[in-house]
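# next come a sequence and a model predicted from it.
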Amino acid sequence: MQKLVTGLLKSIVHPETGENIVDGGFVENVTATDDKITVSLLFKKARDPFALKIKSQVQTLLEGRFPQLKESITVFVKEGAPAKPKVEKRTTTGAIRNIVAIASGKGGVGKSTVTANLAVTLRDMGYKVGLLDADIYGPSQNKMFGCEGYLPDAQQIDGFDYIVPAEVAGLKLISIGFFIKPTDALIWRGTMACNALRQLIHQTLWGELDYLLIDLPPGTGDIHLSIISELKISGAVIVSTPQQVAVADVVRGVEMFRNENVNIPVLGIVENMAWFTPAELPNNKYYIFGKEGCKRLAESMNVPLLGQIPIVQSICEGGDSGKPVALDGDTIVGRAFRDLARSVVAETNKRNDEKPATEAVKMHS
Ligand code: ADP
């Protein structure tokens with residue numbers, strides 16, 4: 001019976017490692033008799049985001065296979081880093097003060113556009129900024145900063161290879177798009193994507209940064225959880241349009257970060273494409289996607305509305321021409337992004353004030 005149960009557990013794969021949970025060492029103990037099954041799962045990471053998912057997979061699998069024992073199947077989860085965690089890899093994120101993940105419930109709401117413009121605005125405010133384009137399904141920061149052809153160099157320091165980021169518009173940029181052809185992105189499997197991103201996160205020569213912005217893929221899923229678990233993220237910013245369908249997806253995004261196993265503060269929501277303002281009528285506002293959908297949602301979910309960005313032709317043109325429009329300074333758009341950046345700084349500072357100073361730079365290894 002014990003062997004049978006262990007054999008069955010091999011059908012469950014840990015999404016991050018790609019190994020089955022038995023060979024991957026996640027099954028600490030199995031006791032199985034004809035009238036009782038107990039499985040103890042052990043996750044070495046303190047906050048393995050896949051722990052709950054795997055626990056419920058094990059429970060469902062065993063209940064399906066042994067319905068007569070339904071009430072007598074117990075699955076325990078133990079979590080926690082070993083007393084002295086082994087640092088197998090060097091990480092280059094140690095000197096980064098704030099890591100902010102930018103997410104969206106769905107694609108096409110302007111997440112990458114907002115991220116690029118927020119990055120250059122923070123830089124203009126005097127912060128040292130890095131940008132990691134982790135949007136495996138549609139990396140676009142390379143295009144937005146006009147460095148599509150950039151081929152990152154490797155640099156060896158103390159026998160370790162590091163990836164040299166592009167330096168554009170005064171910030172450091174590394175995009176998964178530097179490494180893959182757009183047509184390949186869709187066929188990348190979860191584990192492959194996670195491994196590549198892990199490498200970009202830990203091996204990029206970021207140097208000292210005040211802010212590292214991470215442009216996440218749209219939606220919620222295993223890749224998000226994997227990136228999130230690799231890093232000590234200071235907070236998440238969620239971008240949406242005010243449209244009802246987009247707003248509904250935001251709720252899932254907020255819940256992903258608030259999940260007890262993830263537990264990352266949501267710094268707030270950005271309402272992009274909040275209204276249309278024609279260049280020749282700068283005081284007119286046309287609410288094309290509905291009025292203040294994100295504002296109401298932010299209130300109902302008790303998260304700050306960090307900023308509202310209008311639909312402006314130059315934003316779109318800036319993205320296409322490789323020059324984020326917020327670089328232009330004193331325009332409607334420049335001001336909107338400055339308000340957003342100030343809110344992001346205020347919210348991250350608030351979180352940093354709530355924890356001991358050393359926490360801000362402490363990373364998961
Ligand atoms: P996502 O990253 O959410 O998929 P993008 O940032 O790629 O979305 O934006 C999708 C399209 O919308 C792009 O062509 C971009 O230039 C345009 N866009 C985004 N925000 C605005 C805006 N506020 N005004 C005008 N065009 C915008």
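Nice, thanks for sending it over.

# close enough to count as contact, residue 322 and residue 144?
Yes. Applying C-beta atoms under 8 Å, one finds residue 322 in contact with residue 144, separated by 6.6 Å. Any C-beta I mention is one placed from the backbone N, CA and C, and that applies to glycine too.

# which one's more surrounded, these two?
Using other C-beta atoms under 10 Å as the criterion, residue 322 and residue 144 rank with residue 144 on top: 30 against 16.

# with adjacent residues omitted, what lies nearest to that one?
Nearest non-adjacent residue to residue 144, counting by C-beta to C-beta, 6 or more residues apart in numbering: residue 116, 4.5 Å away.

# for the one you found, which residues are in contact?
The contact partners of residue 116, by C-beta atoms under 8 Å, 6 or more residues apart in numbering, come to 131, 141, 144-145, 319, 324.

# just to be sure, it is in a helix?
Yes. Assessed by DSSP: H, G, I helix; E, B strand; the rest coil, residue 116 belongs to a helix.

# if I look at it, how far off is the ligand?
8 Å (C-beta to the nearest ligand atom, to the nearest Å).

# list the buried residues for stretch 341-358?
341, 343-345, 347-348, 352 (16 or more other C-beta atoms under 10 Å).

# again with stretch 200-220
Per 16+ other C-beta under 10 Å, stretch 200-220 contains these buried residues: 200-206, 209-220.

# what's the helix or strand for residue 198?
Assigned by DSSP states H and E, residue 198 belongs to helix 190-203.

# what about that helix, average pLDDT?
Across helix 190-203, the average pLDDT comes to 82.

# give the other helices and strands that that helix contacts.
Helix 190-203 is packed against strand 160-163, helix 222-230, with contacts defined by 3 or more C-beta pairs under 8 Å, 6 or more residues apart in numbering; DSSP states H and E.

# how far does the helix or strand following the last one sit from the chain's center?
Toward the C-terminal end, the helix or strand that comes next after helix 222-230 (DSSP H and E) is strand 235-240. When distances are taken as C-alpha atoms, centre = their mean, to the nearest Å, strand 235-240 is centred 9 Å away from the chain's centroid.

# what residues does this protein put near the ligand?
Residues of the chain lying near the ligand by C-beta under 6 Å from any ligand atom: 104, 107-113, 138, 140, 218, 272-273, 309, 311-312, 315-316, 319.

# in helices only, show me those residues.
111-113, 315-316, 319 (DSSP state H).

# Throw those residues into TSV and include pLDDT, distance to residue 94 and neighbour count, thanks.
Conversion of these to TSV gives the following (pLDDT from 0 to 100; distance: C-beta to C-beta, whole Å; neighbours: other C-beta atoms under 10 Å):
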residue	pLDDT	distance to residue 94	neighbour count
111	96	27	27
112	95	27	26
113	96	30	24
315	86	35	24
316	85	37	13
319	81	32	21
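
# strands along the stretch 251-365 of the chain, start to end?
Using DSSP state E, counting those that start in this stretch, the strands found in the stretch 251-365 of the chain span residues 266-276, 305-311.

# of the ones you listed, which is nearest residue 2?
strand 266-276 (43.9 Å; C-beta to C-beta).

# now the angle between strand 305-311 and the closest one, please.
30 degrees (axes from the mean of the first three to the mean of the last three C-alpha atoms, to 10 degrees).

# name the helices or strands packed onto strand 266-276?
helix 111-124, strand 235-240, helix 244-258, helix 293-301, strand 305-311, helix 332-354.

# do that again at 6 Å, thanks
Judged by 3 or more C-beta pairs under 6 Å, 6 or more residues apart in numbering; DSSP states H and E, the packing partners of strand 266-276 are strand 235-240, helix 293-301, strand 305-311.

# tell me which of these is the most buried.
strand 235-240 (a mean of 28; mean count of other C-beta atoms under 10 Å).

# relative to that one, what are the paired strands and their orientations?
strand 96-104 (parallel), strand 266-276 (parallel) (DSSP bridges).

# what's the angle between the longest one and helix 293-301?
Orientation note: strand 266-276 sits at an angle of 150 degrees relative to helix 293-301 (the same axes, to 10 degrees).

# likewise for the first one?
Angle, strand 96-104 to helix 293-301, by the same axes, to 10 degrees: 110 degrees.
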